[in-house]
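Asker: Model the structure of this input:
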Amino acid sequence: MAKQHDFPARIVWTGNTGTGTSSYRAYERTWDLALPGKQTVHCSNDPMLGGDPAKYNPEDLLISALSACHMLWYLHLCSQAGVTVLEYVDEPTGVGESEPSGKGRFVEAVLRPRIKITADSNADKALAIHDEIHNYCFIARSVNFPVRHEPEIMQENG
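Answerer: A predicted model of the protein is given here:
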C-alpha cells in the first residue's frame, strides 16, 4: 500500500506597493517561499509577465526540482549499482508555450547532466541508470509533460 507524504509550503506575497491590486500595474509580482526553519527564497514572476529577472520564478523552481530529483535518484541508483560518481552538473531546460490568451504550459523538459565517474566504474551501466529514474522520481512522475535526458558520462583518467 502506498504511503502518503505531506509537503507543506508557505508562500507570502511581498508585492503590495501600497494600494494592493487596485490596478494591474499597482503591484509587484514578488513573493517569498518562507517555510519555518528554512532559509527564505525571494521569488518573482517570469520576466515576460512583469517579474524581476534577478529572482527565481515558479518555472525556474519546477525545472530545478525536476533536475534535482533526477540527480538524487541517479546518485542513489549508482551507489546501489557499484558506479562511483565523482561529479554531477546539470543544465536543464524547460520548454514552454504561451497562447495568445495568456495561458501557458510546459511542453517538455530536457535534462543534460554531465557526470564524471571513476575509471573502474562501468560507463554503460552509468548511462543506462538514467532510463531507470523515471520509475522513481517523484517530481517527474507527477508532471504532465515529457522529461527527456541527454546525459554525458566521462570517466576519470585511471
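
Asker: got the domain boundaries for this protein?
Answerer: The record, using automatic domain parsing to delimit domains, assigns the chain the ranges 1-56, 58-155.

Asker: The longest one: end-to-end distance?
Answerer: It refers to domain 58-155. 35 Å (Cα to Cα, to the nearest Å).

Asker: Just the mean pLDDT for that domain, thanks.
Answerer: In this model, domain 58-155 has an average pLDDT of 96.

Asker: any idea how far that domain is from the chain center?
Answerer: 9 Å (Cα atoms, centre = their mean, to the nearest Å).

Asker: who are the neighbours in contact with the closest residue to Asp90 other than its chain neighbours?
Answerer: Nearest non-adjacent residue to Asp90, counting by Cβ to Cβ, 6 or more residues apart in numbering: Pro113, 4.3 Å away. Where you see a C-beta, it was placed from the backbone N, CA and C, and this is true even at glycine. Listed by Cβ atoms under 8 Å, 6 or more residues apart in numbering, the contact set of Pro113 reads 67, 70-71, 74, 88-90, 130, 149, 151-152.

Asker: okay if I get those as CSV plus neighbour count?
Answerer: Output for those, formatted as CSV (neighbours: other Cβ atoms under 10 Å):
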residue, neighbour count
Ser67, 23
His70, 26
Met71, 20
Tyr74, 26
Tyr88, 17
Val89, 11
Asp90, 19
His130, 19
His149, 20
Pro151, 18
Glu152, 11
